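# sequence isn't available, so here's the structure alone:
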């Protein structure tokens, strides 16, 4: 039996897990990859099951959930654990998200959903240009928050790459 039922307390977690742990918090969106792979044409599910998987509870607006997340929450637990305290605080700041939105708006992209569609249909060269631009946005936002300090390039790249990869995979939920 296949059951994916998001609510304000869970995001596809079965009831037994909720009973064990109580109210659960979404840490990252790895579940989106699972949902999209199940909903895709991989041959694992019948058409009716694919529809059930790809149709989320009408009381949950996945776009609202995604828009409320901090950039830090888009990242995998492995990356989150590897960050310094200062980097974690930075990635959880509204300033970073606002800088990203400001940059996207300058490119006439008005939501992460729109960015997701663009990433899905862009060439590798276009994606790489966007990644490079976002590296700069992250670096600028970090230096604005912490003058005279710079964000490690490796951290910058890992965070930007995972953020964009996740957004691209979320396109399957919106199409």
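The structure has been received and is ready for your questions. Keep in mind that what you see is a predicted model, and the values were worked out from it rather than measured.

# distance of residue 108 from residue 163?
For residue 108, the distance to residue 163 equals 20 Å [C-beta to C-beta, to the nearest Å]. Bear in mind the C-beta positions are built from the backbone N, C-alpha and C, glycine included.

# and residue 137, by the same measure?
Distance, residue 137 to residue 163, by C-beta to C-beta: 11 Å.

# now do the contacts for residue 153.
Going by C-beta atoms under 8 Å, 6 or more residues apart in numbering, residue 153 touches residue 135.

# from residue 64, how far out is it?
For residue 153, the distance to residue 64 - C-beta to C-beta - is 33 Å.

# how about residue 98?
18 Å.

# comparing these two, which residue is more hemmed in?
Per other C-beta atoms under 10 Å, whichever of residue 98 and residue 64 has more neighbours is residue 98, with 11 against 8.

# so where's this structure uncertain?
Residue ranges of the chain with pLDDT under 70: 1-63, 174-175.

# can I see the domain layout of it?
As recorded under automatic domain parsing, the domains making up the chain are 1-60, 62-174.

# stretch 77-91 spans what distance, first to last residue?
13 Å (C-alpha to C-alpha, to the nearest Å).

# meant to ask about stretch 147-157, not that
Start-to-end span of stretch 147-157 (C-alpha to C-alpha) is 20 Å.

# ok, now which ones touch residue 70?
91-94, 97.
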